[in-house]
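Visitor: Could you look at this predicted model? Sequence included:
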Amino acid sequence: MSKSDSRTVAAKIVQALQRHEVTVVFGQSLPSALILAAESNGIRQLAYRQENAGGAMADGFSRVSGKVGVVTAQNGPAATLLVPPLSEALKASTPIVALVQEVERTQVDKNAFQELDHFALFKSCTKWIRTLSAADRVDDYIDAAFIAATSGRPGPAVLLLPADLLKEPCTDRGDPRLKNYGRWPLDRVRPAAKELRQAAASIAAAKSPVVLCGGGAASSQASKAIQRLQELAHLPVFTTFMGKGAAVETHPLSCGVLGALVGPRSLGRHSRALLDEADLVLLIGTRTNQNGTDSWRLIPRGAHLIHIDMDPQEIGRNYEADRLVGDASETVSALCDELAPLDLALRAAARAPLEARIKGFWQSFEADRQEVRSADRTPIRPERVMASLQSILDMDGIVVADASYSSMWILGQLRSHSSHQQFIAPRGLAGLGWGLPLAIGAKTAAPARKVIAVVGDGGFAHSWAELETLVRHEIAITVVVLNNGVLGFQKDAETVKFGAYTSACHFAAVDHAAIARACGCAAERVTRPVELAAAFHRAASSTKPYLIEVITDPNAYPPLSLFAALPEADSAIA
């Protein structure tokens, strides 16, 4: 590896990245001038196999580290593969800076090799896109990209880098930039005092208020503030799918995940009654999207709504509400300050029976799912897998899932016991194949924490190649493959909607453990429930990548409301 020229634009970009605390970039050698300069100056390149996965790695890194994930890519076809992960980051409000090579400036609009209109490509999936225009504008544009990614509602930013410009000499303008914009959220804004006082008064006066936390509450590190709100104002707290982790689920006022998980054998089947009866709903960091509201059926009509969100346009999108525009952590803390001197006797008097009722929800849930969590039949029930997984979770562990059923199992079956635990799922856009690369990014951000990825066989096939990335970079995560041989959600959704499903829903038999071993990753296949505990113990004890493939029941599905009418939902387990 040759030493790069420290006086070039590429080297100047690296200096700016280091000022923003960037220590790793997810790349694949390109733009070569930039990567050579990065590696020569102490920034690690974590080389992915495909750009789609590289973008997801940057996403996972951002969600865990609190810093901005940086991904690089070649122009043309490589850049097109960044669209899916950047779209997820935009919907999930995750800051990413993508540095994409552009053709040389003298070759623009001449059909240069892999030339593409990158502005048109990235317009719908980013907050900000620019082209670095001159050698003396490096700091200006790098700072602008990081500010765009981390300010307001966080999201992805793209900076295009002409290949010839990267090799040009870069002279010092004499006005160096010194600020660090690499952590997020950049601005911890809060609403006006008058708005906070009004919201606090409404909460204190309500007879049956509840809280519903979305992904903005989890990503804003608002867990401590939410727990203070629970204790101070005696409020029950639900979370959406993406909000899991915002509230510790063993707290006596925590009602767990709701959203569309309200079918048979779900916690939500019991707990949703509490939301139905609410006269006030405090929404924190939620887009009030389809999954988070069970197709907009969960929020009770006539309830007084108060909505906290960093994005002003999300408040009022689907429900009229009192507006509290601000960062979730900062705003909830400020709201607690306003609540503290108020008379909360009404809330305090209701707490004991409320806690008893919530405890009853959890007990009913445990009773409903007991037979599937302890079932000894084969193929193995996913709930039984989750029971074994629960037993090895560290108090600061990170569980990452792919989209579709994988995320439904971890969000609905695992229970958080600590504010330090994290549950990550690509629910912003919910594309398949991102579980493994998200976990790679998460582990890169927190190498000392245990990271477990739960993926289905359908989604895992999108990212098999990154097993080699795991081994090459010695990234010690545990990958759990739930192999049921079908595209589960597709099969079941088509069955509900059409009474039949297409031929694409069934796969040929695949030995995922063998694929992992071929890449140099330790792996085993579990076919009987009795084998689960030992397999998870071996994986948890390993200091290297480890894959567990579990042969699971193709007829099992999460308790989504959409599937409540399917015949297996209420049947006994044989």
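Guide: Nice, thanks for sending it over. Computed from a prediction, not measured in an experiment: that's the story for all the values here.
Visitor: if I look at Ala461, how far off is Ile515?
Guide: 9 Å (CB to CB, to the nearest Å). To be clear about C-beta, it is placed using only N, CA and C from the backbone, and glycine gets the same treatment.
Visitor: what does Lys167 give?
Guide: Separation of Lys167 from Ile515 (CB to CB): 40 Å.
Visitor: Let me know the outermost residue of this protein.
Guide: Here the centre of the chain is the reference, and by CA atoms, centre = their mean the most remote residue is Gly174, at 41.0 Å.
Visitor: Under a three-state scheme, what state does it occupy?
Guide: When classified by DSSP: H, G, I helix; E, B strand; the rest coil, Gly174 comes out as coil.
Visitor: Spit out the contact partners of it.
Guide: Going by CB atoms under 8 Å, 6 or more residues apart in numbering, Gly174 touches no other residue.
Visitor: pLDDT wise, what is it at?
Guide: pLDDT, Gly174: 79.
Visitor: from now on call the first residue 11
Guide: Noted, 11 is the first residue going forward, which turns the last one into Gly184.
Visitor: Return the distance of the nearest residue to Gly224 once chain neighbours are set aside relative to Ala210.
Guide: Ranked by CB to CB, 6 or more residues apart in numbering and with sequence neighbours excluded, the top spatial neighbour of Gly224 is Thr296, at 2.6 Å. Counting by CB to CB, the gap from Thr296 to Ala210 is 20 Å.
Visitor: Leu176 now?
Guide: 53 Å.
Visitor: cool, Ser374 as well?
Guide: For Ser374, the distance to Ala210 - CB to CB - is 33 Å.
Visitor: OK, contacts around the residue lying closest to Asp386 once chain neighbours are set aside?
Guide: Nearest non-adjacent residue to Asp386, counting by CB to CB, 6+ apart: Pro539, 5.3 Å away. Going by CB under 8 Å, 6+ apart, Pro539 touches Ala385, Asp386, Arg387, Thr388, Ile390, Arg391, Arg394.
Visitor: Derive a PyMOL selection command for the buried subset of those.
Guide: In PyMOL, a selection of the buried entries from the contacts of Pro539 looks like this (16 or more other CB atoms under 10 Å):
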select buried, resi 385+390+391+394
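Visitor: So which of the contacts of Pro539 are in helices?
Guide: Arg394 (DSSP state H).
Visitor: follow-up on the earlier one: per-residue confidence at the residue nearest to Asp386?
Guide: Looking at Pro539, its pLDDT is 98.
Visitor: Now do it against Pro179, distance only.
Guide: 65 Å.
Visitor: can you check Lys369 too?
Guide: 69 Å.
Visitor: just Phe375 next, same as before
Guide: Distance from Phe375 to Pro179, by CB to CB: 65 Å.
Visitor: Which one's more surrounded, these two?
Guide: Neighbours per residue, other CB atoms under 10 Å: of Phe375 and Pro179, the larger number sits with Phe375, 22 against 11.
Visitor: so who does the more buried one touch?
Guide: Contacts of Phe375 by CB under 8 Å, 6+ apart are Arg275, Ser276, Leu277, Arg279, His280.
Visitor: element containing it?
Guide: Per DSSP states H and E, Phe375 falls inside helix 355-383.
Visitor: contacts for the helix or strand harbouring Leu169?
Guide: Using DSSP H and E, Leu169 falls within strand 166-172. With contact meaning CB under 8 Å, 6+ apart, strand 166-172 is reached by 23, 41, 44, 96, 99-100, 104-115, 128, 132, 135-142, 151-152, 155-156, 158-159.
Visitor: From those residues, which land in strands?
Guide: Ile106, Val107, Ala108, Leu109, Val110, Gln111, Glu112, Trp138, Ile139, Arg140, Thr141 (DSSP state E).
Visitor: who does the second one bridge with?
Guide: I take that to be Val107. Note on Val107: beta-bridge partners by DSSP bridges are Val80, Ala167.
Visitor: tally of neighbours for it?
Guide: For Val107, using other CB under 10 Å, the count is 28.
Visitor: Okay, it and Gln231: tell me how far apart.
Guide: Distance from Val107 to Gln231, by CB to CB: 20 Å.
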